[in-house]
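A.B. asks: Quick one: sequence and predicted model below, then my questions.
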Amino acid sequence: MKIIVSSTVPEKAKINLSDYGDLVEFSTHNITYSSISNHPDTFFCKVENGLIAAPNTPDYFFDRLDKLNLNVTKGHNNIGGKFPSTVVYNAVLTDKFLINHTKYTDKSIIDLCQDKTLINVSQAYCRCNLLPVDEKNFITSDKGIHRKLTERNLNVFYVNPETIVLPGQLNGFFGGCCGVYEKNIFILGSLKYFPEGEDIGSFLTELNFNIIELYEGPLFDGGSIIFL
């Protein structure tokens, strides 16, 4: 298994993640603003058979993905220095749903999801704010997303993101701290440092998910963890 992770996540998290697969560390320079420039969920959207990637993802990274025999399709829009060119790949896909601010979603993702139900939300940094635990259960740090998904009778746990670390910003978001692989939730940080950590733990345990805390410290928004 290959695991795409920001080069800026704590070193202990990288060491622990490497027990589960081959790490592919991601970074860019002078493409977008620094606090998200190394975030996988800014440049990539995970789809059923691989990745949709921003065309201006650095060539070195395309070469590396090619050598790893990963299926990568280039999207239509480049990532830019400011909103909304920073959000076009920040969508959440499940087997049934495409969730995003669809006004900004890259056309390549829309085209791929013709058989899915589109849920349009006002939060354009959707994947940053939304962790799809499975088809019916979600954790979000955005109240608008919480409302939209709850209206569809989905089970959504809302958390306040104020204590999540994102260098260069006041705070990060919960989805950006996490990745999901099979019945495992990987978290950049320890829930004991998060005010709602105990409640999140109970929520995930009731769903029979394992919680894997990747380092001892506060939750860190690294732009999601992508498992391939």
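C.D. replies: Yes, it's here.
A.B. asks: Please determine how far the residue in the chain sticking out farthest from the centre is located from residue 22.
C.D. replies: Note on the chain: the largest C-alpha distance from the chain mean falls to residue 67, namely 23.4 Å (CA atoms, centre = their mean). For residue 67, the distance to residue 22 equals 11 Å [CB to CB, to the nearest Å]. (C-beta placed from N, C-alpha, C; glycine too.)
A.B. asks: Excluding covalently adjacent residues, which one is nearest to residue 170?
C.D. replies: residue 162 (7.9 Å; CB to CB, 6 or more residues apart in numbering).
A.B. asks: isn't there a helix covering residue 144?
C.D. replies: Yes: with DSSP: H, G, I helix; E, B strand; the rest coil as the criterion, residue 144 is assigned to a helix.
A.B. asks: So what touches the strand or helix carrying residue 99?
C.D. replies: Residue 99 belongs to strand 97-100 when assigned by DSSP states H and E. Contacts to strand 97-100, defined as CB atoms under 8 Å, 6 or more residues apart in numbering, come from residues 90-93, 105, 109-110, 113, 116-121, 124, 126, 130, 132, 135, 145, 149.
A.B. asks: Can you tell me which of those are buried?
C.D. replies: 90-93, 105, 109-110, 113, 119, 121, 124, 126, 130, 132, 145, 149 (16 or more other CB atoms under 10 Å).
A.B. asks: Which single one of these is nearest to residue 204?
C.D. replies: residue 132 (12.8 Å; CB to CB).
A.B. asks: Name the residues linked to that closest one by a beta bridge.
C.D. replies: residue 138 (DSSP bridges).
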